[in-house]
Every structure is written in structure tokens, then in C-alpha cells.
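Chemist: Sequence plus the predicted model coming up.
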Amino acid sequence: MPAGVLSFSLLVLAAAGFEWPGAAEIDAQELSSLDHSQRQRAAERLALRGGPALRPGLLALLDDPAPSVRLTVARILARDGAPEAVETATRWTISATPTNRRLGLDVLRDAPPPLPTAALRAVERSLGDADVTVRLLAIDTLSRQKDLAPSLLAIAAATEDDSREVRVRAVRVLGASSDARAGVPLLARLGDLDRQVRVEAIHALAALGDVRAAAALKRLLDDPADDVRLAAALALGHLKVADAVPAISALIRRRPTDDFARQATLALGELGTPDAIAALIDRLGEPPPSDELLAGLLRAGEAAVPALAAEARRGTPASSAAAVTLLGQLRAGTRGADPAVTRLLSDLIQRRASVPTAMCWMPSPL
């Protein structure tokens, strides 16, 4: 047995006194096996034993000729916070060999954040790699950093990548950054030729709460793709862009029965303006009301109560019953019964046989 393997065997035996006799020594011997899969399995088993005594032997495997062994050991050590593994992975990342670059990013992606500055710069550099797999690994690695501010410009540049998938992932990372500077590159992606990129950019701008996007989002209500129009409507609702109500309402009236119209009612509920609520109430008279329509009125909350009360008194039997049910749900979370709603229910119960089912939503006055 070579001297290096024998020394490591002794370290292993010292760290693994709880196992059956000879097991740890066998694993140490297998590190010199000609079969790379046996070396890899031995490294995995040794890593499970843990302990600082095992680290020197595992570090030696970072130079193993088999990429799978190097990757396994580097991941194990990086997750354990070994700076040597992160430094080695950083060197791999800037290597001239595509395989090594992928291995390095695989390791850095799984390393606990934050990455050292040198590693972070190496990952950012990888966003310009000719290999799309390397670029994807780089954006995924950056997405796992808790502080994206140092890499924001590099991520923003990736939103213009030739690969649709790289652009999509970069847009998602910007949307999760909570950094107001991300709004500018995201606005540019609203005009992307790829439909999925446009949708992701809309979601990202809504997540950022960037009201600067309002005008561009309203223009996207005329996009030829349904999912883009719907994403834009929901984003406008989330951003509380009140002057978008007429355009969203017009789209709903144009195609009242399709999935887009059902989902867009949620945007009107988010907006919760008198005009938005009026548009929802108008649709309440077209039975049966969709789940999305009811959810939209519930999202409007207290602002919808006056309009629902009026519909409950003067609407059709179906719309009146739906309005009372919604009133009951809106009041269900309050302490005690609302006298005005209770009087309204009592009056309507005498006139409409379908209304009593809504009473189950009313809280007990006790």
C-alpha cells in the first residue's frame, strides 16, 4: 500500500471507532482503486463519517483524474466550509477546459453563501462563456447568493443573452433581488421577442413593486399572447394602477367567458377602486359567477361592501344571493355581527329563499 494511502488509513481508523472492524480501512484502500466509481463511493462513505481528521485525505482527492471523483469531493468539502475546496472550484471555473468550468460552478453553486470575492468574480465572468451550460450554471450560482447587489450589473447583462433560458433565469433573479436598480433592465425585456421572457419580466416588475412599469404594462394589454396580457393585467392590479381599470374591464367584456376574463377579474379585485368594483358587480349578474369573480370581489375587501349591499337589495335572485354570500364572507372575520348587514340579511331572507345559505358565513353576535 502506498505510504500516503496508509497514512490516510490511520486517520480514518482514528475517526471511525464506532464501525465494524476494518470498514474504514477498506474505504481508505479503495481510494487508490483503479475503478473511479469505487473511489467515488469510498469518498462519499468517508465524508459521512465527518471530522477534521478526514479532511486532509479528502483534499488530496481534489486532484483525482476522474471528474466525478473531484466533483464529489469538492462538493462535500465546500458544503463543509472548507476554503481549499472553494479556492479549487474557483480555479476550475476560470479554466480553459469546459469540463472543469462546469465542475467549478457546480461546486460553487452548492457552497454556503456568501462566496468569497474572487469566486464571485469568477462566476460573473462565466456569464459570458461560450458554453450555454456554463452560463446557466453561473446564473443559478448567483441566484443562491443572499446579497445580489455586487453582481447586479452582471445579471442585468445576462438578460440580453442569446439563450432564451439564460434570459428567463436572469430576469427571475432580478425580480427576486429587491433592488430598485433591477427595474431598468427588466423594462427592456418587456419588448423581448420571446413570449416567456416577456411574461417573466412582467412578474419580476410586479414583484419589485416598480410603478415605473405602469405605462409599458398597459401597452401589453394589447399583446397578441393571452398569457402576456393576463400577466400584465395581474401586475397592474398588484401595482394598484387605478387608470388601468377601463382597459382591463374592456378586455373582460370582449371575451367574458374565456379563461383570460376569469383570471383578469382578480386584477380588478386587487385594484379595488369604485370603477373596478362596479365592473365586477356587473359580471355578478351573469350566472353562474366564476370562482375568480367571487375571489376578485373578496380581494376588494371592505371597499366592495357598499356595492355588494346594493346588489343584494336590487339585483337578480342569483346575483343577490351571491352578493349576500360574499358579504357574509367579508364579515366572517370581524368580531360579532355587523348590524347593518344583519338587518340586510333579515330583510332579504324574507324575500329570497336562496339567500339563507349565506347566513352560515355570519359570525355569532355572542
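Modeler: Yep, it's here.
Chemist: C-alpha only now, for contacts and for neighbours.
Modeler: Noted.
Chemist: Surely residue 146 is in contact with residue 113?
Modeler: Yes: counting by C-alpha atoms under 8 Å, residue 146 touches residue 113, with 6.7 Å between them.
Chemist: higher neighbour count, those two?
Modeler: More crowded of residue 146 and residue 113, by other C-alpha atoms under 10 Å: residue 113, with 16 against 12.
Chemist: Leaving out chain neighbours, which residue sits closest to the more buried one?
Modeler: Residue nearest to residue 113 in three dimensions, not counting chain neighbours: residue 145, with 5.5 Å by C-alpha to C-alpha, 6 or more residues apart in numbering.
Chemist: Can you tell me how far the one you found is from residue 165?
Modeler: As for residue 145, its distance to residue 165 is 20 Å (criterion: C-alpha to C-alpha, to the nearest Å).
Chemist: try residue 222
Modeler: If you go by C-alpha to C-alpha, the gap between residue 222 and residue 165 works out to 25 Å.
Chemist: now do residue 153
Modeler: 18 Å.
Chemist: can you check residue 105 too?
Modeler: 17 Å.
Chemist: One more: residue 195?
Modeler: 12 Å.
Chemist: follow-up on the earlier one: more neighbours: residue 105 and residue 165, which one.
Modeler: residue 105 (28 against 16).
Chemist: gap between whichever helix or strand the more buried one is part of and the chain center?
Modeler: Under the criterion of DSSP states H and E, residue 105 resides in helix 98-110. Distance of helix 98-110 from the chain centroid (C-alpha atoms, centre = their mean, to the nearest Å) equals 23 Å.
Chemist: right, and the helix or strand after it?
Modeler: Immediately after helix 98-110, counting by DSSP H and E, sits helix 117-126.
Chemist: Output the contacting helices and strands for the helix or strand just after that next one.
Modeler: Next helix or strand after helix 117-126 toward the C-terminus (DSSP H and E): helix 132-143. Under the contact criterion of 3 or more C-alpha pairs under 8 Å, 6 or more residues apart in numbering; DSSP states H and E, helix 132-143 touches helix 98-110, helix 117-126, helix 164-175.
Chemist: and the helix holding residue 105, what does it pack onto?
Modeler: helix 67-79, helix 83-93, helix 132-143.
Chemist: in the shortest one, what's buried?
Modeler: When neighbours are counted by 16 or more other C-alpha atoms under 10 Å, the buried residues of helix 83-93 are found to be 85-93.
Chemist: which residues are in contact with it?
Modeler: 59, 62, 74-75, 77-78, 100-105, 107-108, 111, 118-119, 122-123, 126 (C-alpha atoms under 8 Å, 6 or more residues apart in numbering).
Chemist: go again using 6 Å as the cut-off
Modeler: 74, 77-78, 100-101, 104, 119 (C-alpha atoms under 6 Å, 6 or more residues apart in numbering).
Chemist: can you pull the contacts of residue 274?
Modeler: No contacts exist for residue 274 under C-alpha under 6 Å, 6+ apart.
Chemist: On the pLDDT front, check it for me.
Modeler: In this model, residue 274 is scored at 93, pLDDT.
Chemist: For it, give its distance to residue 66.
Modeler: 67 Å.
Chemist: Then residue 297?
Modeler: 61 Å.
Chemist: more crowded one of those two?
Modeler: Taking other C-alpha under 10 Å, residue 297 and residue 66 do not tie; residue 297 has more neighbours (30 against 15).
Chemist: Give me the spatial nearest neighbour of that one, chain neighbours excluded.
Modeler: Excluding the flanking residues, the one nearest residue 297 by C-alpha to C-alpha, 6+ apart is residue 269, at 5.4 Å.
Chemist: gap between that neighbour and residue 321?
Modeler: For residue 269, the distance to residue 321 - C-alpha to C-alpha - is 19 Å.
Chemist: more crowded one of these two?
Modeler: Each of residue 269 and residue 321 has its neighbours counted (other C-alpha under 10 Å); residue 269 has more, 28 against 24.
Chemist: which other helices and strands contact the helix or strand containing that one?
Modeler: Take DSSP H and E as the rule and residue 269 turns out to sit in helix 259-271. Counting contacts by 3 or more C-alpha pairs under 6 Å, 6 or more residues apart in numbering; DSSP states H and E, helix 259-271 packs against helix 226-238, helix 291-300.
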